[in-house]
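Enquirer: 3D model of this:
(4 chains)
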Protein chains: 2
Amino acid sequence: MYATGEGETVADAEYVNIWMRPERPARGPKPVYSRAQITEAAVRIADAEGLEAATMRRIAAEVGAGTMSLYRYVPSRDNLVELMADRLMGEIDVTGMPSGDWRADLTRYADGLRAMWLRHPWIATVQRSLPSFGPNQLLLIEALMGVLDAFVSIDENLGLMAMLHGYIEGTVREEISSAEEIRRSGLSESEWMARSYPYVDRLVKSGEYPIFTKIVMEARQPHLSRDDQFRYGLQRVLDCIAAALPSTAESPMPAHREGREEQDGPGAGS
Amino acid sequence: MYATGEGETVADAEYVNIWMRPERPARGPKPVYSRAQITEAAVRIADAEGLEAATMRRIAAEVGAGTMSLYRYVPSRDNLVELMADRLMGEIDVTGMPSGDWRADLTRYADGLRAMWLRHPWIATVQRSLPSFGPNQLLLIEALMGVLDAFVSIDENLGLMAMLHGYIEGTVREEISSAEEIRRSGLSESEWMARSYPYVDRLVKSGEYPIFTKIVMEARQPHLSRDDQFRYGLQRVLDCIAAALPSTAESPMPAHREGREEQDGPGAGS
DNA sequence: CTCCACTGGGTACGTTGTACGCGGTTGCGG
DNA sequence: CCGCAACCGCGTACAACGTACCCAGTGGAG
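Expert: Numbers count the residues shown, from 1 in each chain, chains lettered A, B, ... in the order given. The predicted structure follows:
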């Protein structure tokens, strides 16, 4: 993004995107490193210290290479981030996914995606993760869209998946953001809570925000765990999808779903 | 983020967050500019050229001030972005919002939020928009949570709103990302399509991605408009919320909803 | 063998956020 | 009224960033 003026490198213009650019051009000395190795190192750093810590110099140091050597493998940092994002997609297990039980499939996908995001919170700051269409992303699309493909039109499928995906992403983003803010500040969670107390207190005392106050107050008593909250909302989304499906798409009986006890609505004290 | 070492400025440590720091400390010459004015200029630049174009120097130039003058009003660029995000929240009209018709309220909110995001696509790249709790954000929370407050517990309300919010954000994010990629590349839409054709073509010809192929092929024939897609999914989400509400929460009859014709499911050719 | 496309990597530049300090201005205590 | 501390706008300076450019070495094709 820096110093590129408004033109682009010849190398950039030569290929449509990262996935079209061959890793090994052959003819010449054997490369010492590899894209996968560099991507791996970058992910490791981003996991530990955040995406902004994964600078080209830092990554090169982690790999044991010179900074500029990375550019033999990756045209730009932005493209490297794309590589990282797609690598993360590969962590989600969707093997054998149109299994016949669409509800189980989508639940597995949702849990997998959420777990991956929680392992790599920095992915939330990467906006172009969707339209990149890297290999792992494509595999995911194939598997996921395949789950309902037999039951609904492509358009409807896209709509429903957008809803599911939106729910997962939105929820996890919220889960991440406060944790990420705490990590950035370098404080411990309790220190952070203590520091932000005066602000919350002022809002509550002002009396202008009754519902915010209610949230804060009830937050003191034990809530549902994050996991349960997520699963509750997910069940709602799946119910919603079920309603959009023809009756021929009936999922096997709930009891079949590995004996997990049925979710109650949250707010048992209601 | 640069050159800050690992300590933080005294001024930063003095206040919990941006909202606690007073704009006018009084005692001294009158400030020539204002936070609102600076925020406005920054939003204008971000709208026109993307968030990354809104550098401190550029914003200062837009305002007509010296670069470092901005730091008299805002402690850091990150905080300015927070200000910008909250200003955007203020664009969403939620006046008189627990109106009695929760379905109409939530629809209005959803449309408003989506329209705002489409006006300011760069908001998608700001991850910390949620836990910031600026004044406009708080107003939104009050109005939005108030809609279902009478019907469900706080926990359940939070869950349902997370679902709604997740759907809106996820969907709009997808709408934005391709448009944003095109803008970044500086190409026109048709140029961009032409440039990425070889990649899509290779994927299709490989035969490994049947569903991706199906999507691409069907994309050639007229789809539902973005608006209709959004509204279709939104209706599904609202149905889903309706199912979670007690029967006492019945919304007025659909006919009451300003005569909008009933949405069909998409994929009429199915 | 010679070639030259390729390698890793050092140096250097433009751009960024922002710490620091200066001279001028303002409102309050005396 | 005066003086001074607190504020103002802002120029300069610096560290860290992404990366263009260049170079000396290397190894497979002819």
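Enquirer: for chain A, give me the ranges with low pLDDT.
Expert: A:1-14, A:24-26, A:127-131, A:219-223, A:250-270 (pLDDT under 70).
Enquirer: show me where it has its strands.
Expert: Per DSSP state E, chain A has no strands. Nothing in it meets that criterion.
Enquirer: quick check: the closest residue to A:Arg236 other than its chain neighbours vs B:Arg103, distance?
Expert: Leaving aside its chain neighbours, A:Arg236 sits nearest to B:Cys240 (5.4 Å; criterion: C-beta to C-beta, 6 or more residues apart in numbering or on different chains). In this view, the C-beta of every residue, glycine as well, is placed from N, C-alpha and C. As for B:Cys240, its distance to B:Arg103 is 12 Å (criterion: C-beta to C-beta, to the nearest Å).
Enquirer: looking at those two, which one has more neighbours?
Expert: Using other C-beta atoms under 10 Å in any protein chain shown as the criterion, B:Cys240 and B:Arg103 rank with B:Cys240 on top: 23 against 20.
Enquirer: which strands and helices lie in contact with the lengthiest helix in chain A?
Expert: Once chain A is assigned using DSSP state H, the helix that runs over the most residues is helix A:154-185. When contacts are defined as 3 or more C-beta pairs under 8 Å, 6 or more residues apart in numbering or on different chains; DSSP states H and E, helix A:154-185 sits against helix A:102-119, helix A:135-149, helix A:189-206, helix A:226-244, helix B:154-185, helix B:210-218, helix B:226-244.
Enquirer: want to throw those into a markdown table with distance to DNA strand D?
Expert: Putting those into a markdown table (distance: least, C-beta to the nearest atom of the strand, whole Å) gives the following:
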| stretch | distance to DNA strand D |
| --- | --- |
| helix A:102-119 | 22 |
| helix A:135-149 | 22 |
| helix A:189-206 | 20 |
| helix A:226-244 | 32 |
| helix B:154-185 | 12 |
| helix B:210-218 | 29 |
| helix B:226-244 | 31 |
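Enquirer: how about JSON lines for those helices, with distance to A:Arg57 added?
Expert: Compiled in JSON lines, these are given as follows (distance: least, C-beta to C-beta, whole Å):
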{"stretch": "helix A:102-119", "distance to A:Arg57": "25"}
{"stretch": "helix A:135-149", "distance to A:Arg57": "27"}
{"stretch": "helix A:189-206", "distance to A:Arg57": "30"}
{"stretch": "helix A:226-244", "distance to A:Arg57": "36"}
{"stretch": "helix B:154-185", "distance to A:Arg57": "24"}
{"stretch": "helix B:210-218", "distance to A:Arg57": "37"}
{"stretch": "helix B:226-244", "distance to A:Arg57": "42"}
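Enquirer: which one of these lies nearest to B:Met116?
Expert: The stretch from the helices and strands packed on helix A:154-185 with the least distance to B:Met116 (C-beta to C-beta) is helix B:154-185; that distance is 9.2 Å.
Enquirer: and A:Asp93, what does it touch?
Expert: By C-beta atoms under 8 Å, 6 or more residues apart in numbering or on different chains, A:Asp93 lies in contact with A:108, A:112.
Enquirer: what does the one 4 residues further on give?
Expert: In this structure, A:Met97 makes contact with A:105, A:108-109, A:143-144, A:146-147, judged by C-beta under 8 Å, 6+ apart.
Enquirer: just curious, which of those residues is nearest to chain B?
Expert: Proximity of those to chain B (C-beta to the nearest C-beta) peaks at A:Gly146, which lies at 5.9 Å.
Enquirer: how many other residues sit next to the residue nearest to that closest one when sequence neighbours are not counted?
Expert: Excluding the flanking residues, the one nearest A:Gly146 by C-beta to C-beta, 6+ apart is A:Pro98, at 4.5 Å. The local packing count at A:Pro98 equals 17, with neighbours defined by other C-beta under 10 Å.
Enquirer: so A:Pro98 touches A:Met145, yeah?
Expert: No. With contact defined as C-beta atoms under 8 Å, A:Pro98 does not reach A:Met145; the gap is 9.5 Å.
Enquirer: that older thread, which of the contacts of A:Met97 sit farthest apart?
Expert: Spatially, the most separated pair among those is A:Arg108 and A:Gly146, at 13.4 Å (C-beta to C-beta).
Enquirer: thinking A:Pro75 is in contact with A:Arg21, fair?
Expert: Yes. Counting by C-beta under 8 Å, a contact exists between A:Pro75 and A:Arg21, whose distance comes to 6.9 Å.
Enquirer: what do these two both touch?
Expert: When C-beta under 8 Å, 6+ apart defines a contact, no residue borders A:Pro75 and A:Arg21 alike.
Enquirer: how far away is A:Ser76 from DNA strand D?
Expert: From A:Ser76 across to DNA strand D, the span is 4 Å (C-beta to the nearest atom of the strand, to the nearest Å).
Enquirer: my bad, A:Thr67
Expert: Using C-beta to the nearest atom of the strand, we find A:Thr67 at a distance of 5 Å from DNA strand D.
Enquirer: what is the neighbour count of that residue?
Expert: One way to gauge burial is a neighbour count; for A:Thr67, by other C-beta under 10 Å, it gives 13.
Enquirer: ok, the nearest residue to it once chain neighbours are set aside - contacts?
Expert: Excluding the flanking residues, the one nearest A:Thr67 by C-beta to C-beta, 6+ apart is A:Ala60, at 4.4 Å. A:Ala60 sits next to A:66-70 when contact means C-beta under 8 Å, 6+ apart.
Enquirer: what subset of these is buried?
Expert: Listed as buried from those are A:69-70; burial here means 16 or more other C-beta atoms under 10 Å in any protein chain shown.
Enquirer: would you turn the contacts of A:Ala60 into JSON lines with distance to DNA strand C?
Expert: Rendered in JSON lines, the data for these read as follows (distance: C-beta to the nearest atom of the strand, whole Å):
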{"residue": "A:Gly66", "distance to DNA strand C": "3"}
{"residue": "A:Thr67", "distance to DNA strand C": "6"}
{"residue": "A:Met68", "distance to DNA strand C": "3"}
{"residue": "A:Ser69", "distance to DNA strand C": "4"}
{"residue": "A:Leu70", "distance to DNA strand C": "8"}
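Enquirer: closest to A:Val172 among the contacts of A:Ala60?
Expert: For the contacts of A:Ala60, the closest approach to A:Val172 (C-beta to C-beta) belongs to A:Leu70, at 30.0 Å.
Enquirer: quick check: that closest one vs B:Arg57, distance?
Expert: Distance, A:Leu70 to B:Arg57, using C-beta to C-beta: 29 Å.
Enquirer: excluding its backbone neighbours, what's nearest A:Ile154?
Expert: B:Glu218 (5.0 Å).
Enquirer: you'd agree the one you found is up against A:Glu156?
Expert: No. Under the contact definition of C-beta under 8 Å, B:Glu218 does not touch A:Glu156, with a separation of 11.5 Å.
Enquirer: distance from stretch A:60-80 to the middle of the chain?
Expert: On the basis of C-alpha atoms, centre = their mean, to the nearest Å, stretch A:60-80 sits 24 Å off its chain's mean C-alpha point.
Enquirer: list the buried residues in that stretch.
Expert: Under the neighbour-count criterion of 16+ other C-beta under 10 Å, stretch A:60-80 has A:60, A:62-63, A:65, A:69-71, A:73-77, A:79-80 buried.
Enquirer: could those be laid out in CSV, adding distance to B:Tyr197?
Expert: Shown next, in CSV, are the buried residues of stretch A:60-80 (distance: C-beta to C-beta, whole Å):
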residue, distance to B:Tyr197
A:Ala60, 35
A:Glu62, 37
A:Val63, 35
A:Ala65, 35
A:Ser69, 33
A:Leu70, 29
A:Tyr71, 27
A:Tyr73, 26
A:Val74, 24
A:Pro75, 20
A:Ser76, 22
A:Arg77, 26
A:Asn79, 20
A:Leu80, 25
